[in-house]
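Trainee: From the sequence below, what's the structure:
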Amino acid sequence: MQSQDVAQRHAATSAGEPGPVDFEQAEAALVEHYPRLVRIAYLVLPPSLGRNRRVLTAHSLVQRALPRGRKQPAVIPAQPPGREGDPGYAFLRERVLHTALEAGRPRGVLPRLSQLPPLLPQVWGLRLFPRSGGADELALDQRLSALSGPARAAYVLRGLEKLPDADIRRILDCAGADDPGGALAAANSVPIQPALLSSPEFDPCSLQARPTDLMRRRQHTKAALAAVAALAVCGALVVMPGDGWGPDGAAAPAYAENPAAQAALDPAHLTRVSPTAWQTATRTDFSVWPARGPLTGDQDLLRRALAVWARPGDTVRVSATPGTQTGGPAGPPQLLYAGQVDNARVVLLYDGLRIARYAEPVNGTQGAALDFARVDGATGAEASALVLGRSDGNVQYLTAPWVKTAAARDLMKPDGATTPLPLTAGVTAPLTSPALQTGSCTSWTVLQLTDASGTELATDLGELVPARLTAGRPGSAGAASGAAGLRTWAPFACSLSAERAAGVRSVNAWAYAAQPLPDGSGAAQWMCTRAETWRGDGTAALAQFRTPGGRVGAVVAKGTDVRACGPRDPHVLAGVLWKSSAGHWYLLAAGSKDTAAIQAGGGITAAGQGPLLVARAKQGAQATLKGTLEDGRAIDGLR
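Mentor: Numbers count the residues shown, from 1 in each chain. This is a model prediction of the structure:
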């Protein structure tokens, strides 16, 4: 009978009628969908709370969303159940929205519980906030902050939950919104961007931690110790009648001044490398870069940069490439640059593993920014340039001391001439940044650097370190600056936009197959581009396809964190549905040259020997590909 009752409750709720939800049902939904519910609460809560309090309040609201008692089932108002028909999730979502909207209303004489700092969870001595996203996430956050609470809720239900407006109106009405229709109209002013709503920028379950104001905490601690000094002495005499150790032995008290930490904040202790050190060094990396720029002697600027690195305030915009820690340096870092770039004073520092870029407006320190990039193991071409700043669609670089000349090149025009970039104390003239371009992709400007060992290409992907571009079979790829490499990259340059702000170290392009088309119109080109990251994981392999005469290629398959198309596994298999000029549909599949056989299953059944496969197909058909290498090993196609 119990299972029958549960089924009846589920049927009633699915039909849009009020229905009961018992405690166990709601508890199971909370455990399963906890991260999503917390994300919804975080997005709806007023941004004026600050990111730290929004995180803690979002967790608190979700944890308090369960029904009050275990015995009597709660009643869910008439609304569409969420998460594939789970009425428990729909009930919790309505409770979370109700309390999140309540937190944003003006306080009365007696504030609501949701309007007070949460009792639980509590974190002492740390500020928690989600990981920083890119420019798109920041822009969306600013636009959402301009909306009312009900409008933010409507936007989240539409963009994240993908609900129709009629259902959103009912949910907002159940959650206590004053004007659901007006909220929906206000939400229309912000374009729906589901991918951004699902990004780490709005994930209160994936957090970064920073200390609170240590100086103020230390002052408060000293005042409290002074007020209870007599009691502390008496207590120590009672607890420790003779000589003895405390529970931490000979360790210093918490937050005691540490010589290494003090040295890391002293600009006089910054490491400064000789301008000629790179000429005799056994390696060419950031450790042999000299300090350059007209403000390397500005002690006040350097002190501010070091202090903000150690303890960034609430007004500092902190960003980091994925997998990069943002804590302070363990010791005195190395100074790479200090000078003015456009309307900002910029300081570049290096601690052996990371590059830190501090920037402040020339007219003050409000709006300072702190950016981090991981560079462990960088050498040669990977340590040849750093981004100094971006503005007006352009980017400027600081180049390595061994770089002789710099130039800008359109990667989509392999036969086009380069534009020389004057170098002033290692700083390039501004060049177009593809990381800042919007609209259709008609060009892709890259940085070309020449030194004694040769010429390399690098591209701006929105981070401090430009990504190196290579071309060739994985394991034996070389610089993409040669004629063959330029022709390889030209049709596929725009695919680099998919790797923006992903912590990319290098991107290789490999033309692994040419396939004659079944209508005799020529041979299509198959390309695999693979982006390697500084952190190791997060690699992305893109299989791309270009028909004869096509100006650009198209991404037809993608693999994340796969070995395919990389130096550890220089093999790849991918397919595409292609329509001939006569209107016939075909499955075209291609593998690397050591592919002995290809089999297609699913919506299309076909097989063939060798690295190429052609089969008749129907429009919209889907197929899974499997291949066999010449050594007998099986490989899967990228999806």
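Trainee: Just give me the neighbour total for residue 42.
Mentor: Counted with other Cβ atoms under 10 Å, the neighbours of residue 42 add up to 24. Heads up, the C-betas are built off the backbone N, CA and C, glycines and all.
Trainee: give the contact list for it.
Mentor: Applying Cβ atoms under 8 Å, 6 or more residues apart in numbering to residue 42 gives the contacts 54-55, 58, 130, 202, 204.
Trainee: same deal with residue 473?
Mentor: Residues near residue 473 by Cβ under 8 Å, 6+ apart: 510, 512, 570.
Trainee: May I have the residues that are in contact with the first one?
Mentor: Put plainly, it is residue 510. Contacts for residue 510 (Cβ under 8 Å, 6+ apart) come out as 471-474, 477, 488, 527-530, 565, 572.
Trainee: got it, and the last one?
Mentor: By Cβ under 8 Å, 6+ apart, residue 570 lies in contact with 473-475, 592.
Trainee: Quick one: mean pLDDT over the top strand by length along the chain.
Mentor: The longest strand of the chain (DSSP state E) is strand 504-516. Mean per-residue pLDDT for strand 504-516: 97.
Trainee: Put the alpha carbons of that strand into CSV.
Mentor: What follows is strand 504-516, C-alpha atoms only, in CSV (Å, rounded to 0.1, in the frame of the first residue of the first chain):
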residue,chain,number,x,y,z
VAL,A,504,45.8,26.1,-22.6
ARG,A,505,49.5,25.6,-22.9
SER,A,506,49.8,24.7,-26.6
VAL,A,507,47.6,23.7,-29.5
ASN,A,508,48.7,21.3,-32.2
ALA,A,509,47.0,20.9,-35.6
TRP,A,510,47.4,17.5,-37.4
ALA,A,511,46.0,16.9,-40.9
TYR,A,512,45.6,13.2,-40.5
ALA,A,513,43.6,12.2,-43.6
ALA,A,514,42.3,13.3,-47.0
GLN,A,515,39.1,11.5,-48.2
PRO,A,516,37.8,11.5,-51.8
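Trainee: So which bits of it are buried?
Mentor: Neighbour counts over strand 504-516 (16 or more other Cβ atoms under 10 Å) mark 504-513, 515 as buried.
Trainee: Then stretch 148-168?
Mentor: Buried positions in stretch 148-168, judged by neighbour count with 16+ other Cβ under 10 Å: 148-161, 163, 167-168.
Trainee: Also stretch 609-621?
Mentor: Buried, per 16+ other Cβ under 10 Å, within stretch 609-621: 611-615, 617.
Trainee: got it, and stretch 410-421?
Mentor: 410-412, 414, 421.
Trainee: got it, and stretch 431-442?
Mentor: Within stretch 431-442, the residues that count as buried by 16+ other Cβ under 10 Å are 431-437.
Trainee: Serialize these to TSV and add fields for secondary structure.
Mentor: What follows is the buried residues of stretch 431-442, written out as TSV (DSSP: H, G, I helix; E, B strand; the rest coil):
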residue	secondary structure
431	strand
432	strand
433	coil
434	coil
435	coil
436	coil
437	coil
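Trainee: Let me know the closest of those to residue 178.
Mentor: Minimum distance to residue 178 across the buried residues of stretch 431-442 is 40.5 Å, recorded for residue 436 (Cβ to Cβ).
Trainee: Is that closest one in contact with residue 430, as I believe?
Mentor: No. If you go by Cβ atoms under 8 Å, residue 436 and residue 430 don't touch, sitting 11.4 Å apart.
Trainee: Give me the neighbour count for residue 463.
Mentor: 27.
Trainee: do the same with the one 3 residues further on
Mentor: Applying other Cβ under 10 Å, we find 26 residues neighbouring residue 466.
Trainee: Repeat that for residue 325.
Mentor: Residue 325 has 11 neighbours, counted by other Cβ under 10 Å.
Trainee: residue contacts, it?
Mentor: Counted by Cβ under 8 Å, 6+ apart, residue 325 has contacts 354, 372.
Trainee: what's residue 329 in contact with, if anything?
Mentor: Residues near residue 329 by Cβ under 8 Å, 6+ apart: 264, 306, 309-310, 349, 351, 356.
Trainee: likewise residue 173?
Mentor: Residue 173 sits next to residue 180 when contact means Cβ under 8 Å, 6+ apart.
Trainee: Tell me the confidence at it?
Mentor: Looking at residue 173, its pLDDT is 92.
Trainee: Helix, strand, or coil at it?
Mentor: Under three-state DSSP, the three-state class of residue 173 is helix.
Trainee: Just the buried residues of stretch 148-168: which are in helices?
Mentor: 149-159, 167-168 (DSSP state H).
Trainee: Of all pairs in these, which one spans the longest distance?
Mentor: Distance extremes for these: the farthest pair is 149 and 167 at 18.7 Å, using Cβ to Cβ.
Trainee: Redo the buried residues of stretch 410-421 as a markdown table? Include secondary structure.
Mentor: As requested, the buried residues of stretch 410-421 are exported to a markdown table (three-state DSSP):
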| residue | secondary structure |
| --- | --- |
| 410 | strand |
| 411 | coil |
| 412 | coil |
| 414 | coil |
| 421 | strand |
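Trainee: Can you add pLDDT and distance to residue 404 and give those residues back as a markdown table?
Mentor: Output for the buried residues of stretch 410-421, formatted as a markdown table (pLDDT from 0 to 100; distance: Cβ to Cβ, whole Å):
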| residue | pLDDT | distance to residue 404 |
| --- | --- | --- |
| 410 | 97 | 22 |
| 411 | 97 | 21 |
| 412 | 96 | 26 |
| 414 | 95 | 23 |
| 421 | 97 | 12 |
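Trainee: Give the residues shared as contacts by residue 436 and residue 430.
Mentor: Residues touching both residue 436 and residue 430 (Cβ under 8 Å, 6+ apart) are 394-395.
Trainee: which one in the contacts of residue 570 is the model shakiest on?
Mentor: Within the set of the contacts of residue 570, pLDDT is lowest for residue 475 (92).
Trainee: which SS state does the residue nearest to residue 419 when sequence neighbours are not counted fall under?
Mentor: Once flanking residues are discounted, residue 419 sits nearest to residue 408: 4.4 Å by Cβ to Cβ, 6 or more residues apart in numbering. For residue 408, the assignment made with three-state DSSP gives strand.
Trainee: Just give me the neighbour total for residue 408.
Mentor: 17.
Trainee: From what I see, it and residue 444 are in contact.
Mentor: No. Using Cβ under 8 Å, residue 408 is not in contact with residue 444; the gap is 10.9 Å.
Trainee: what's near enough to touch residue 285?
Mentor: Per Cβ under 8 Å, 6+ apart, neighbours of residue 285: 378-380, 383.
Trainee: Buried ones among those?
Mentor: Buried members of those, counted by 16+ other Cβ under 10 Å: 378, 380, 383.
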